[in-house]
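[1] Any chance you could fold what I've pasted below:
(one chain, ligands or ions: 1)
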Amino acid sequence: MPSELYRCVYYSRNLIAGGPARIAEEIESILGAARRNNPRLSITGALLFNRGLFAQVLEGPCPSVESLFEKILRDERHGDIQVLAFGSAPGRLFSNWSMAFLGRSREDENLFGHIGRQTGFSAERIAGDRLLEIVRNLAYEEEARAA
Ligand SMILES: Cc1cc2nc3c(=O)[nH]c(=O)nc-3n(C[C@H](O)[C@H](O)[C@H](O)COP(=O)(O)O)c2cc1C
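    Numbering: from 1, shown residues only. Prediction:
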């Protein structure tokens, strides 16, 4: 039997030192790792960067989500990780993306915009607010289930 689909949603604080160019470089490296590793793990999801915060949605088979998230937790490029949701999910929300990226920081819009377009996922397709809304809704859903 295929293992259950899990979804993990969290946000964290950016700890990458340096300016926007350095941040863009590290984000490219994170997305490179995602492109390399996520398809093999059947992981799909989205990564949002906005004003010093990351928000990420990881979805896939439970063991894959667990092992990848453990690795991501140890990554020193971010900290103060707040898990909003971690549990079984009825279906994928990002089935087309091994890791969609959306950077939205007013002054850095041009810098991060091109990375988003490389992943085929950009403000033209989905507004940053919409992704945040998705992340927020997931958190509310989770809260409602726990209540
Ligand atoms: C916010 C954030 C999100 C990340 N997302 C992923 C991801 O989706 N997939 C992945 O393989 N690595 C991700 N990483 C990077 C991992 O922590 C780790 O550096 C990487 O998987 C190492 O890849 P390697 O084992 O192929 O060298 C992320 C890191 C950060 C800081």
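[2] Need the pLDDT of Asp129.
    Looking at Asp129, its pLDDT reads 53.
[3] Kindly apply the preceding question to Gly18 instead.
    For Gly18, the model assigns a pLDDT of 89.
[4] mind listing the strands for this structure?
    Remark: strands assigned in the chain by DSSP state E are 5-14, 44-50, 53-61, 78-88, 100-103.
[5] Please identify the deepest-packed of the ones you listed.
    Mean neighbours per residue, mean count of other C-beta atoms under 10 Å, is largest over the strands of the chain for strand 100-103, with a mean of 24. Using the backbone N, CA and C atoms, a C-beta is placed for each residue, glycine as well.
[6] hang on, the earlier thing: present the strands of the chain as CSV; the columns should include distance to the ligand and mean pLDDT.
    Listed next are the strands of the chain as CSV, based on distance: least, C-beta to the nearest ligand atom, whole Å; pLDDT from 0 to 100:
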stretch, distance to the ligand, mean pLDDT
strand 5-14, 6, 90
strand 44-50, 6, 86
strand 53-61, 4, 91
strand 78-88, 4, 90
strand 100-103, 10, 77
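[7] Out of the ones you listed, the one nearest Ala21 is which?
    Evaluated with C-beta to C-beta, those place strand 100-103 nearest to Ala21, the distance being 12.7 Å.
[8] Direction included, what does the closest one pair against?
    Note on strand 100-103: by DSSP bridges, its sheet partners are strand 44-50 (parallel).
[9] Output the strand it pairs with as CSV, nothing but the C-alphas.
    Below are the C-alpha coordinates for strand 44-50, written out as CSV (Å, rounded to 0.1, in the frame of the first residue of the first chain):
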residue,chain,number,x,y,z
THR,A,44,6.3,18.7,-4.2
GLY,A,45,5.7,22.1,-2.6
ALA,A,46,6.4,25.8,-2.5
LEU,A,47,8.9,28.1,-0.9
LEU,A,48,8.1,31.7,-0.2
PHE,A,49,10.6,34.3,0.8
ASN,A,50,9.4,37.6,2.0
